[in-house]
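Asks: just the structure for this:
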Amino acid sequence: MESVTNSSILPNPDTYLNHLSPTDAKVFEICRNITLVAFGATIWDILIYIPEDIRIMRRSSFCPVIFCFVFSRLFALGCVLCSVVERTTPIQNLYALSVVGGCLSALSVSCSGFLFLRRVHAVYANSQVIQWTFSAFWVIFAGSTATVPFGTVPTALVSLLYDSCVFLAISYKIASQHGSPDERVGWATLVSGKALPRLSRAVLQGGQQYYLITVAATILASLSLFLPFFPPSLGSIFTIPVVPLVASMACRVFRNIKLFDTSTTTTGLLSSVEFVQTHSPQLQSYPTPFSGPTLS
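Replies: Predicted structure coming up:
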């Protein structure tokens with residue numbers, strides 16, 4: 001940004017916006033306001049769910065899933081806080097602050113992706129090939145987040161591909177387990193979850209909520225980087241709220257299913273990797289996702 005005029009002739013030289021052109025000052029204020037709103041929303045999202053989160057942590061042993069559940073939003077909060085400090089406080093070394101914010105963003109997104117990965121491990125508990133395949137995919141996805149301080153497009157593309165594959169794999173497995181082997185799984189079953197047990201439908205619909213909201217936000221944030229009528233600084237700022245949004249949705253899905261499981265008679269915990277076969281004289285036996293020993 002270029003200075004409008006020499007500071008010696010400015011009426012209020014201590015007002016930083018006076019050193020910017022009207023267009024740059026407007027863009028700067030919009031970016032600052034977006035980061036402040038994202039910061040406030042992230043704090044609110046953490047505080048409002050403290051009672052439920054404490055219940056989950058008390059009933060669960062500390063493991064990688066619980067770590068990611070707790071720290072994904074805290075890392076996101078730190079990332080947004082770095083953006084707020086960058087735009088509201090004079091900082092000598094902005095590059096170092098940007099790197100710290102990028103690292104926190106990478107950690108948050110990786111934790112959110114790990115929560116989704118463990119859902120795949122639970123649904124495909126009997127398939128080591130699928131588990132190792134998606135674990136390798138998560139490693140690639142987490143590695144791509146290292147490019148966050150230098151550019152968001154590669155990470156966004158890998159994130160879209162990862163979320164799409166995980167969502168489709170979980171949806172297909174759940175839907176196919178509740179029909180005859182020769183019956184084709186239709187889109188209506190994948191979308192609506194009708195004719196599925198309550199727990200399986202909750203898993204399916206929770207994944208849909210996470211997928212649709214986070215993918216839509218990621219696409220819009222990525223497109224803003226290329227739209228010609230968006231200033232570069234304004235386009236990049238829309239990627240800031242995506243990090244806490246992804247973390248919030250991943251934790252929300254995990255929390256809802258975890259609390260749903262503890263409020264029913266389903267055996268085991270939703271953060272587990274084994275299936276429990278439920279037999280009924282009237283219904284075909286089906287696996288219950290996330291039943292069995294606790295994840296580690």
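
Asks: can you get me a residue count around V65?
Replies: V65 has 25 neighbouring residues, counting by other CB atoms under 10 Å. Where C-beta positions appear, they are placed from N, C-alpha and C, glycine not excepted.

Asks: surely it and F114 touch.
Replies: Yes. In this structure, V65 is within contact of F114 by CB atoms under 8 Å, at 7.4 Å.

Asks: where does this structure have low pLDDT?
Replies: Residue ranges of the chain with pLDDT under 70: 1-21, 24, 148-155, 175, 177-207, 235, 260-296.

Asks: scan it for its longest helix.
Replies: Secondary structure of the chain per DSSP state H: the longest helix is helix 94-123.

Asks: now for it, which elements pack on it?
Replies: For helix 94-123, the elements it packs on are helix 64-88, helix 128-144, helix 153-176, helix 198-223, helix 242-262, judged by 3 or more CB pairs under 8 Å, 6 or more residues apart in numbering; DSSP states H and E.

Asks: by contact count, what packs against the second one?
Replies: Put plainly, it is helix 128-144. Counting contacts by 3+ CB pairs under 8 Å, 6+ apart, helix 128-144 packs against helix 94-123, helix 153-176.

Asks: dump those helices into a markdown table; add distance to L245 and mean neighbour count as well.
Replies: Output for those, formatted as a markdown table (distance: least, CB to CB, whole Å; neighbours: other CB atoms under 10 Å):
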| stretch | distance to L245 | mean neighbour count |
| --- | --- | --- |
| helix 94-123 | 10 | 21 |
| helix 153-176 | 12 | 18 |
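
Asks: could I get those helices as CSV with distance to C82?
Replies: Below are those laid out as CSV (distance: least, CB to CB, whole Å):
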stretch, distance to C82
helix 94-123, 3
helix 153-176, 17
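
Asks: so which of these comes closest to M249?
Replies: Across these, the minimum distance to M249, taken as CB to CB, is reached by helix 94-123, at 7.9 Å.

Asks: and the angle from that closest one to helix 242-262?
Replies: Interaxial angle, helix 94-123 versus helix 242-262 (axes from the mean of the first three to the mean of the last three CA atoms, to 10 degrees): 30 degrees.

Asks: now the angle from helix 94-123 to helix 128-144?
Replies: Using the same axes, to 10 degrees, helix 94-123 lies at 170 degrees relative to helix 128-144.

Asks: next, the angle from helix 94-123 to helix 64-88.
Replies: 150 degrees.

Asks: now do F167 against V99, distance only.
Replies: For F167, the distance to V99 equals 31 Å [CB to CB, to the nearest Å].

Asks: likewise for P228?
Replies: Distance from P228 to V99, by CB to CB: 29 Å.

Asks: swap in C165?
Replies: 30 Å.

Asks: with R252 instead?
Replies: 29 Å.

Asks: L227 belongs to a strand?
Replies: No. According to DSSP: H, G, I helix; E, B strand; the rest coil, L227 belongs to no strand; its state is coil.

Asks: S72 contacts C251, doesn't it?
Replies: Yes. Applying CB under 8 Å as the test, S72 and C251 come out as touching, 6.2 Å apart.

Asks: what's the overlap in contacts for the two?
Replies: Here S72 and C251 have S112, L115 as joint contacts, going by CB atoms under 8 Å, 6 or more residues apart in numbering.

Asks: got the contact list for I43?
Replies: Counting by CB under 8 Å, 6+ apart, I43 touches L77.

Asks: so it: helix, strand or coil?
Replies: helix.

Asks: and what of Q92?
Replies: Q92 ends up coil, using three-state DSSP.

Asks: got the contact list for stretch 128-137?
Replies: Contact with stretch 128-137 is made by L117, V120, H121, Y124, A125, Y162, C165, V166, A169, as judged by CB under 8 Å, 6+ apart.

Asks: can you give me the distance of the nearest residue to the first one once chain neighbours are set aside to P64?
Replies: Closest residue in space to L117, ignoring its immediate chain neighbours: W138 at 4.7 Å, by CB to CB, 6 or more residues apart in numbering. Using CB to CB, W138 is found at 12 Å from P64.

Asks: same thing with R252?
Replies: 19 Å.
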